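> I'll drop the sequence and a predicted model, then ask my questions.
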Amino acid sequence: MDIYKKPYPLATLYSIKNRINTRSDYQRPPVWTTAQKQLLIDTILRGYDIPKVYWDKVSNKPEQYDVIDGQQRLLAVWGFQEGKFAMPKDSEPINGVPVAGLKYKDLPDDLHIQFDSYPLDVIVVLGADEEDVRDMFLRLQNGTTLKAQEKRNAMRGKMRDFVKQLVEHPFFDVVGFRNTRYSYDHVAAQITLLELGGGPCNVKDHDLNSMYKNLTDFDASSSCAKKIKRVLDFLFKVFPEKTPELERYNVISLYTLVSHLLERYVIMGREKDLSTWFLEFEQYKRDQFNLSEDESDPEMISYHDRISHSTDSKDSIESRHNFLLRKFFESFPDIELKDEQREFAYEQRLAIFRRDKGLCQLKIKCEGKKCEWDNWNADHIIPWSKGGKTTVANGQVACPECNSAKGAE
């Protein structure tokens, strides 16, 4: 890995901005306020030094770069050059020249020249691999205001990649909070840790950091990963449209609730019931919050305390889970347990195979072809997930192709 420093006039930087990638996957989104951007521009116009930026050179023909550090500064400079904001209305004159409220195009010629020719020191890195670049990014951010999830986003490994994959799930399009500073990644990481822990557990930053570091080889096709996606699929059926009530702590609580229910109870087809119940519960919670302490429901006072403090702790998550689970079953006492036995026993398989004469009964991809004993599936006629029992009467022969097609429906 080689490193060299090169001063770039701001005008030159703007002319090659299309070859400078400020959105590498380890970078946080733009977070500077207008006031922060204005302060940087004022600093440049007064000729003061600003910190150098770091680039990773990723191509020679044409020369292209990924920004390692300095993203916010570059975006602020380009935003000013493109007229997206002006100098503060209370700016002091520069060299006796008034600049208050001026945009880039309104600057006097001398200040235009001074701004365009301002040399920004760029440290260019050559021949660095991904691990070197990510390590440099984290080192350069040390001591800054990067949030914990922003740092985790810069880590290498399959756990980080899996969390990024979860964020693309359509469920995150309907939640009631924005993806500021990787909030979606934070929640996706928390639900992953909850599933890995088998239920309520601590999902604080140091716990998530350990998960990222210890599971760099996480298998995105594992049973745990598939379970997480099934729960998110179900939640998206429950909430197919934007739902303001899906705040961060609510997503965590609903995930633990649905994960538990899907594992043990027959709730497929009850999506509308769950949606109605949750929205009514949230309305009741809001109504209770507006009452005096003497008038309000003591249980809701306690619940409100648990969603207001230490929401990432095991105690809080477990307490909320148990409370919501009890409230759910009070509203839907008819929810059935799934059959504890999901797989057909050898004797049952043999009875099903002989009864059906080895012929596929599904006939989705075939016309009822003859199956060999070592190449067929015992299929639940009424799906196990919908309460179907693991009995010979509820079993049938299915060829592998038809069985896979049924599972994809």
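That came through, no problem.
> CA only for contacts and neighbour counts going forward, please
Will do.
> Let me see the ranges of the strands in the stretch 1-150 of the chain.
Shown for the stretch 1-150 of the chain, the strands assigned by DSSP state E, counting those that start in this stretch span residues 2-9, 20-21, 53-60, 63-69, 119-126.
> from the ones you listed, which stretch is densest packed?
Sort the strands of the stretch 1-150 of the chain by mean neighbour count, taking mean count of other C-alpha atoms under 10 Å, and strand 63-69 sits at the top with a mean of 20.
> quick check: angle from that strand to strand 53-60?
150 degrees (axes from the mean of the first three to the mean of the last three C-alpha atoms, to 10 degrees).
> Surely Lys105 and Gly83 touch.
Yes - using C-alpha atoms under 8 Å, Lys105 is in contact with Gly83, at 7.3 Å.
> on that earlier part again, need the strands of the stretch 1-150 of the chain in TSV with mean pLDDT, can you?
What follows is these, written out as TSV (pLDDT from 0 to 100):
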stretch	mean pLDDT
strand 2-9	86
strand 20-21	91
strand 53-60	86
strand 63-69	88
strand 119-126	89
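> and of those strands, who's closest to Trp32?
strand 63-69 (14.2 Å; C-alpha to C-alpha).
> for the stretch 201-350 of the chain, which spans come out with low pLDDT?
Along the stretch 201-350 of the chain, segments meeting pLDDT under 70 span 309.
> Correct me if wrong: Leu196 contacts Cys224.
Yes - using C-alpha under 8 Å, Leu196 makes contact with Cys224 at a distance of 6.8 Å.
> sorry, back to before: got CSV for the strands of the stretch 1-150 of the chain, with distance to Gln288 too?
Formatted as CSV, those follow (distance: least, C-alpha to C-alpha, whole Å):
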stretch, distance to Gln288
strand 2-9, 60
strand 20-21, 50
strand 53-60, 52
strand 63-69, 48
strand 119-126, 57
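> For Leu362, which of those strands is the nearest?
strand 20-21 (52.3 Å).
> ok, the closest one: who's next to it in the sheet?
Looking at strand 20-21 with DSSP bridges, its partner strands are strand 63-69 (parallel).
> Identify the residues contacting Lys164.
Asp185 (C-alpha atoms under 8 Å, 6 or more residues apart in numbering).
> Over to it. Which of the three states is it?
Here Lys164 is helix, with the state taken from DSSP: H, G, I helix; E, B strand; the rest coil.
> sorry, back to before: nearest to Met300 among the strands of the stretch 1-150 of the chain would be which one?
strand 63-69 (46.6 Å).
> Would you mind getting the angle between the closest one and strand 119-126?
Interaxial angle, strand 63-69 versus strand 119-126 (the same axes, to 10 degrees): 100 degrees.
> Pull out the C-alpha coordinates of strand 63-69 and format them as PDB.
Coordinates of the C-alpha atoms in strand 63-69 are reproduced here as PDB (Å, rounded to 0.1, in the frame of the first residue of the first chain):
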ATOM      1  CA  GLU A  63      -8.800   7.900 -12.400                       C
ATOM      2  CA  GLN A  64     -11.500   7.200  -9.800                       C
ATOM      3  CA  TYR A  65     -11.600   7.400  -6.100                       C
ATOM      4  CA  ASP A  66     -13.600   6.200  -3.000                       C
ATOM      5  CA  VAL A  67     -13.600   8.700  -0.200                       C
ATOM      6  CA  ILE A  68     -12.200   7.200   3.000                       C
ATOM      7  CA  ASP A  69     -12.400  10.400   5.100                       C
END
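> Could you number the chain from 116 rather than 1 from now on?
Sure, I'll start numbering at 116, so the last one becomes strand 178-184.
> roughly how far out does it sit from the chain middle?
Averaging C-alpha positions (C-alpha atoms, centre = their mean, to the nearest Å) puts strand 178-184 25 Å from its chain's average.
> Equivalent analysis for stretch 395-412, please.
The chain centroid and the centroid of stretch 395-412 are separated by 31 Å, computed with C-alpha atoms, centre = their mean.
> Wait, Tyr180 touches Arg138, no?
No - using C-alpha under 8 Å, Tyr180 makes no contact with Arg138, being 10.8 Å away.
> which stretches of the stretch 166-315 of the chain form helices?
Here the stretch 166-315 of the chain has its helices, by DSSP state H, counting those that start in this stretch, at 186-196, 224-231, 245-256, 263-268, 273-282, 298-311.
> In the first one, which residues are buried?
Meaning helix 186-196. By 16 or more other C-alpha atoms under 10 Å, the buried positions in helix 186-196 come out as 186-193, 195-196.
> mind giving me the domain split of this protein?
Residue ranges of the domains in the chain are recorded as 117-261, 267-446, 461-523, according to automatic domain parsing.
> can I get those in CSV with distance to Lys453?
What follows is those, written out as CSV (distance: least, C-alpha to C-alpha, whole Å):
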stretch, distance to Lys453
domain 117-261, 42
domain 267-446, 5
domain 461-523, 5
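> Of the ones you listed, which is nearest Asp454?
Of all those, domain 461-523 comes closest under C-alpha to C-alpha, at 5.7 Å.
> Report the backbone C-alpha coordinates of stretch 333-344 in PDB.
The C-alpha coordinates for stretch 333-344 follow below in PDB (Å, rounded to 0.1, in the frame of the first residue of the first chain):
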ATOM      1  CA  PHE A 333     -22.200 -16.000   9.500                       C
ATOM      2  CA  ASP A 334     -24.100 -18.200   7.100                       C
ATOM      3  CA  ALA A 335     -26.900 -16.200   5.500                       C
ATOM      4  CA  SER A 336     -28.500 -19.500   4.400                       C
ATOM      5  CA  SER A 337     -28.600 -20.900   8.000                       C
ATOM      6  CA  SER A 338     -31.800 -21.900   9.700                       C
ATOM      7  CA  CYS A 339     -31.500 -18.800  11.900                       C
ATOM      8  CA  ALA A 340     -31.200 -16.500   8.900                       C
ATOM      9  CA  LYS A 341     -34.100 -18.100   7.200                       C
ATOM     10  CA  LYS A 342     -36.200 -17.700  10.400                       C
ATOM     11  CA  ILE A 343     -35.500 -14.000  10.600                       C
ATOM     12  CA  LYS A 344     -36.600 -13.500   7.000                       C
END
